[in-house]
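Asker: 3D, please:
(2 chains, ligands or ions: 2)
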Amino acid sequence: MAKPENEITWKDIKVGFVVDEPGSASVYRTGDWRSQRPVYERERCIRCGTCYVYCPDMAIKILKDGYIEHDLYYCKGCGICAEECPTGAIIIVDEEE
Amino acid sequence: MATRVGIEVSIAAAEAVKQANTDVIAAYPITPQTHIVEHLSELVNNGELDAEFVPVESEHSAMSVCSGSSAAGARTFTCTSSQGLALMSEIVYAVSSLRLPMLMILANRSLNSPLSIWNDHSDVMSIRDCGWIQVFVENGQEVYDHVFIGYRVAEDRNVLTPFIINLDGFVLTHVIEPIEMLDQEMVDRYLPPYQPLYRLHPNQPVSIGCFGPPVLFTETKRAQDEAFNSTMPHILKGWQEFGDLTGRYYHPVETYKTEEAKVIVVTQGSLGETASIAIDTLRGEGEPVGLVSIRLWRPFPFEEFREAVKGAELVVVMDRAISYGGPGGPLAGEIRAALYSQEVHPRVVNFIIGLGGRDVAPDDFVQMVQQAKARPGEWYEIYGVRE
Ligand code: SF4
Ligand code: SF4
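Answerer: Numbers count the residues shown, from 1 in each chain, chains lettered A, B, ... in the order given. Ligands and ions are numbered 1, 2, ... in the order given. From the prediction side, this is the model:
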């Protein structure tokens, strides 16, 4: 697994900034970009999986029991899951709240 | 063994690209580079050179093909001039950052406008900071030799940086000169097959050209800068071993009669040979004048230059491009920077000459040296303009 990017020094940079390790995109914290965050209300969730399908960043995990969990390391706060959820189980709030 | 033949410089350069066993050539024809590329297309078509010749629709595409071909591990060549270089410049910057070795002959020609197909150095100066190793040559033999040297240095595992040979358009590309052609066996001894460090290959996939977020971008640039600044010993080694093989030794800064010289003329490219005639004339009159020709433009040979002008009181720099609103021509700016750290340094006078194919004769160099001596201060002037 690659080093976290904020610990990479110039000496760690491969010639030409080549990436020779697969899966390196998984260390990229797209969650940094977020100004809004999804809030999940489990009681309203009907476990349809729509949010999981629509999330453009694979930031929603479906748990064993069918309920879901947001992975805020990757979630960019786009709000698509909240828009698509048929029961209003996800709302989107400003990060400061 | 080597054979001396009378041959057009462009044809000799193309023959060298063939002898270097180039794998991929991508180029778009533009005057005065044309004869080089035409001859290469003939060689490929006749089956004399087993290479892919990609007749692209623009120079932007030419450099894009070259980047892919070098990334795949192929020995890669392109050639352009002037507007062609301007059009490909976006990718020119990319390939050096990606550390993709390749060779470009730049048949120097002025940039528009007015439209001019003739020779000066405004094209190459527009990409001064592109991160390629850049040399200037003075004659046909030097361009022929530098095809092998360029590949050898660019593909060196310690270098992995693209290489530009600046060749003055028409005055060099279109003349017939006596050139010593190397035997294939000598070329093969000097230039081993290219062994890329990384390449696009399904057995060991890599990503080339990923994006660099703010948290990494500066680290990548530091790595590139460090790598570029450490190319010098490998360039010197390439020249040294070529000299040992052929007897022709090249240096970052070429000097002519600089011993005890109080006045040094500085040139780049083919004008060095013309200037040397003026140096002989002035020396004949007892003037302590010498000539320095900057062969290696990037990385700039600061140490070697300071050594070459040691003891001089006046340095007369000949630029073949204008830096509008700058301190003079681009070469003079570099030379002033090189001398700034010296406790005692010579006065630097700058002439801008030979724009858009304007001839510069030996007597012009004599005139410029006399003017520089007579008028105090540091200044620049576009020489030979009708008032
Ligand atoms: S807000 Fe956007 S990125 Fe975050 S989980 Fe919902 S759909 Fe995915
Ligand atoms: S879309 Fe709404 S209801 Fe469906 S699984 Fe996601 S949160 Fe639950």
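Asker: Within range of chain B, give me the residues from chain A.
Answerer: Neighbours of chain B within chain A, by Cβ under 8 Å from any Cβ of the partner chain: A:5-6, A:8-20, A:22, A:24, A:28. Using the backbone N, CA and C atoms, a C-beta is placed for each residue, glycine as well.
Asker: Do a quick rundown of the helices in the stretch 101-250 of chain B.
Answerer: Along the stretch 101-250 of chain B, the stretches classed as helices by DSSP state H, counting those that start in this stretch are B:122-125, B:140-155, B:184-190, B:214-229, B:232-246.
Asker: Counting by contacts, list what the shortest one packs against.
Answerer: Contact partners of helix B:122-125 among helices and strands, from 3 or more Cβ pairs under 8 Å, 6 or more residues apart in numbering or on different chains; DSSP states H and E: helix B:82-97, strand B:103-108.
Asker: is it fair to say residue B:335 lies in a helix?
Answerer: Yes - the assignment for residue B:335 is a helix, going by DSSP: H, G, I helix; E, B strand; the rest coil.
Asker: secondary structure element for the closest residue in space to it that isn't next to it in sequence?
Answerer: Closest residue in space to residue B:335, ignoring its immediate chain neighbours: residue B:317 at 5.4 Å, by Cβ to Cβ, 6 or more residues apart in numbering or on different chains. Following DSSP states H and E, one finds residue B:317 within strand B:314-319.
Asker: Need the CA coordinates for that strand. PDB is fine.
Answerer: Output in PDB follows, covering the C-alpha atoms of strand B:314-319 (Å, rounded to 0.1, in the frame of the first residue of the first chain):
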ATOM      1  CA  LEU B 314      34.600  42.800 -22.100                       C
ATOM      2  CA  VAL B 315      32.100  40.100 -23.200                       C
ATOM      3  CA  VAL B 316      30.200  40.700 -26.400                       C
ATOM      4  CA  VAL B 317      27.100  38.500 -26.600                       C
ATOM      5  CA  MET B 318      25.400  37.700 -29.900                       C
ATOM      6  CA  ASP B 319      21.800  36.900 -29.500                       C
END
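Asker: where's it relative to the chain centroid, distance-wise?
Answerer: 19 Å (Cα atoms, centre = their mean, to the nearest Å).
Asker: Just the mean pLDDT for it, thanks.
Answerer: Average pLDDT, strand B:314-319: 98.
Asker: who does that strand touch, helix- and strand-wise?
Answerer: Secondary-structure packing of strand B:314-319 (3+ Cβ pairs under 8 Å, 6+ apart): strand B:263-267, helix B:330-340, strand B:347-352, helix B:362-374.
Asker: Enumerate the sheet neighbours of it, specifying parallel or antiparallel for every one.
Answerer: Counting by DSSP bridges, the strands paired with strand B:314-319 are strand B:263-267 (parallel), strand B:347-352 (parallel).
Asker: quick one: which of these is nearest residue A:86?
Answerer: Closest approach to residue A:86 among these is made by strand B:347-352 (72.7 Å; Cβ to Cβ).
Asker: Touching that closest one from outside, list them.
Answerer: Identification of contacts with strand B:347-352 by Cβ atoms under 8 Å, 6 or more residues apart in numbering or on different chains yields B:313-322, B:328-329, B:332, B:335-336, B:339, B:368, B:372, B:375-383.
Asker: what's the residue closest to the geometric middle of chain B?
Answerer: residue B:135 (2.8 Å; Cα atoms, centre = their mean).
Asker: my read is residue B:254 is in a helix, agree?
Answerer: No - using three-state DSSP, the assignment for residue B:254 is strand, not a helix.
Asker: just checking, it touches residue B:272?
Answerer: Yes - with contact defined as Cβ atoms under 8 Å, residue B:254 counts as touching residue B:272 (7.1 Å).
Asker: who are the neighbours in contact with the nearest residue to residue B:169 once chain neighbours are set aside?
Answerer: Once flanking residues are discounted, residue B:169 sits nearest to residue B:32: 3.7 Å by Cβ to Cβ, 6+ apart. By Cβ under 8 Å, 6+ apart, residue B:32 lies in contact with B:81, B:107, B:109, B:117, B:119, B:169-170, B:173-174.
Asker: Go again with 7 Å.
Answerer: With contact set as Cβ atoms under 7 Å, 6 or more residues apart in numbering or on different chains, residue B:32 has these partners: B:81, B:107, B:109, B:117, B:169-170, B:173-174.
Asker: How about residue B:144?
Answerer: Per Cβ under 7 Å, 6+ apart, neighbours of residue B:144: B:12-13, B:16, B:179.
Asker: likewise residue A:80?
Answerer: So residue A:80 contacts A:54-56 (Cβ under 7 Å, 6+ apart).
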